[in-house]
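Participant: Need a 3D model of the sequence below.
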Amino acid sequence: MGRAALDEEAGLRHVLEHVRFGALAVTDGQHERVKRAVAAVTGFRPDQVVFQPNTTQALTHAVFGVTGDIALSLGEFPALPFAVQRASEVLKVGAPRWIGTDHGRVTPGNLRDQLDSRVAAVAVSLVDYRTGYLADLDGIRQVIGDRLLIVDAMQGFGVVDAPLHLADVVAAGGQKWVRAGWGTGFLALSDRALDRLTPVWSGWTGTDSPTQPMDEVLPPARGASAFQLTNGDPVAQARLAAALEQLADLGVDLVQEKVASTVSRIIDLADEHGIPIASPRAEDERAGIVVLDPGADRLTALTAALHNHGISATTRDGRVRLSPHASTSEETLEMLASALVSFATTSPL
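Facilitator: From the prediction side, this is the model:
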């Protein structure tokens, strides 16, 4: 977690450990605070935002509410395909429309010819978790017309200054780029989404009642608040709010600039040592993920070199993923350079 989230958690835990009459007003106010913080960095209004414990639950709320088919790639992070398939099996008001991609990339061009009148929504990742490809939300919006655009922003939220306001549904967690820790996330819904989505998962806190409902089951609220099951963890809400307030103060554009510079240096290091890059090189097609493709026969050597030099990396599908943050230091880059030297000078078996 980042320092802002850690400090916020420590402060609230102190309040909870020494609680006195009236002290819980601090925790009670975190729900509205986190909605304002999300709104400030997404372009949505606070009333269009509802806190969620993770991206998957947020996406499930959204796709279960769609009437009609949802077009998406089967190669998306599992949270999306699973939610769409489960909704289809249970509700039977639509089906997943598995679309072809351009080498794993969902682009406006390959979407255009795969949509028909039965497709009510298109779901896509802001940044593909395997390739690091940054989706062209502007182009996709133009191609899909007034269909709902559902965006899993997890792999890019907080690190790329994307036009999220073009989406109808944005879901993300705070544990990755914004470093707010686990149990933090949100769902943002446009007015069009609120008009068309049915709040299937709507619990007792998702009503318009200002107090706890008693002895009656009220209808869902008329806004984003309908898409919740119960009260959120106020400490988690505070962590996410603090992290996003810091991000808003700094500016997502400045974070993107810093990360883009570091990504370019990592790409240069990989080129210097002859390691193929599987992620985009162009800045307008990438965010903060660099994917190295050393080949099956050299994968173990690369992961061992990174581990031995203290570099944390993710290995998926025979490739190695590096994700630098804005805070990634010169010392860390020197450690990475040493790891790649070690890899390059290790003879293949």
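
Participant: D146 - that's part of a helix, no?
Facilitator: No: if the criterion is DSSP: H, G, I helix; E, B strand; the rest coil, then D146 is coil and not within a helix.

Participant: Could you pull up the contacting residues of it?
Facilitator: For D146, the contact set (C-beta atoms under 8 Å, 6 or more residues apart in numbering) comprises R192. All C-beta atoms are positioned from the backbone trio N, CA, C, and that covers glycine.

Participant: mind checking how far it is from R192?
Facilitator: Separation of D146 from R192 (C-beta to C-beta, to the nearest Å): 7 Å.

Participant: where exactly do the strands run in the stretch 201-349 of the chain?
Facilitator: For the stretch 201-349 of the chain, the strands defined by DSSP state E, counting those that start in this stretch occupy 290-292, 314-316, 319-322.

Participant: Give me whichever of those strands is most buried.
Facilitator: The highest average neighbour count among these, using mean count of other C-beta atoms under 10 Å, belongs to strand 290-292 at a mean of 26.

Participant: That strand: how far from the chain's middle?
Facilitator: Distance of strand 290-292 from its chain centroid, counting by C-alpha atoms, centre = their mean, to the nearest Å, is 19 Å.

Participant: tally of neighbours for L148?
Facilitator: 25 (other C-beta atoms under 10 Å).

Participant: Okay, it and M214: tell me how far apart.
Facilitator: In terms of C-beta to C-beta, L148 sits 35 Å off from M214.

Participant: ok, back up a step: S202 is nearest to which of the strands of the stretch 201-349 of the chain?
Facilitator: Evaluated over those, closeness to S202 peaks at strand 314-316, with 35.1 Å, by C-beta to C-beta.

Participant: which helices and strands sit right next to the lengthiest helix in the chain?
Facilitator: Counting by DSSP state H, the longest helix found in the chain is helix 252-272. Under the contact definition 3 or more C-beta pairs under 8 Å, 6 or more residues apart in numbering; DSSP states H and E, helix 252-272 sits against strand 290-292, helix 330-344.

Participant: now with 6 Å?
Facilitator: strand 290-292 (3 or more C-beta pairs under 6 Å, 6 or more residues apart in numbering; DSSP states H and E).

Participant: any residues touching the strand it packs on, and which ones?
Facilitator: Residues from elsewhere that reach strand 290-292 (C-beta atoms under 6 Å, 6 or more residues apart in numbering): 132, 263, 266, 270, 275, 278-279, 319-322.

Participant: Kindly reformat these as TSV containing pLDDT and distance to G251.
Facilitator: TSV is the format used below for those (pLDDT from 0 to 100; distance: C-beta to C-beta, whole Å):
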residue	pLDDT	distance to G251
G132	96	22
V263	98	18
I266	98	23
A270	97	29
I275	96	32
A278	96	30
S279	96	24
R319	96	32
V320	98	30
R321	97	26
L322	97	24
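
Participant: Out of these, flag the one nearest to L126.
Facilitator: Out of these, the member with the shortest distance to L126 (by C-beta to C-beta) is G132, at 11.3 Å.

Participant: The closest one and G104: what is the separation?
Facilitator: 10 Å.

Participant: what's the answer for G43, then?
Facilitator: Taking C-beta to C-beta, one finds G43 at 28 Å from G104.

Participant: One more: M214?
Facilitator: Distance from M214 to G104, by C-beta to C-beta: 51 Å.

Participant: Look at the two and report which has more neighbours.
Facilitator: G104 (13 against 6).

Participant: re earlier: select, from the contacts of strand 290-292, the two members most distant in space.
Facilitator: It's V263 and R319 that sit farthest apart of those, by C-beta to C-beta, at 15.8 Å.

Participant: so how many other residues sit close to R45?
Facilitator: 15.

Participant: Show the contacting residues for it.
Facilitator: A39.

Participant: Next one, pLDDT for it please.
Facilitator: For R45, the pLDDT comes out at 98.

Participant: State the distance from it to T314.
Facilitator: Counting by C-beta to C-beta, the gap from R45 to T314 is 35 Å.

Participant: Next: G139.
Facilitator: 28 Å.

Participant: go on, P163?
Facilitator: From P163 over to T314 (counting by C-beta to C-beta), the distance is 27 Å.

Participant: Could you do R86 as well?
Facilitator: 26 Å.

Participant: How about V49?
Facilitator: 29 Å.

Participant: still on that earlier bit, need the strands of the stretch 201-349 of the chain in JSON lines with distance to A120, can you?
Facilitator: Shown next, in JSON lines, are these (distance: least, C-beta to C-beta, whole Å):
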{"stretch": "strand 290-292", "distance to A120": "32"}
{"stretch": "strand 314-316", "distance to A120": "31"}
{"stretch": "strand 319-322", "distance to A120": "33"}
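
Participant: remind me which residues of the protein are low pLDDT?
Facilitator: In the predicted model of the chain, residues 23, 347-349 satisfy pLDDT under 70.

Participant: how about a cut-off of 80?
Facilitator: The model of the chain has pLDDT under 80 over residues 19-26, 347-349.

Participant: the helices in it, which residues?
Facilitator: Counting by DSSP H, the helices of the chain are 3-17, 25-28, 30-42, 55-64, 79-91, 108-112, 137-144, 191-196, 234-250, 252-272, 299-308, 330-344.
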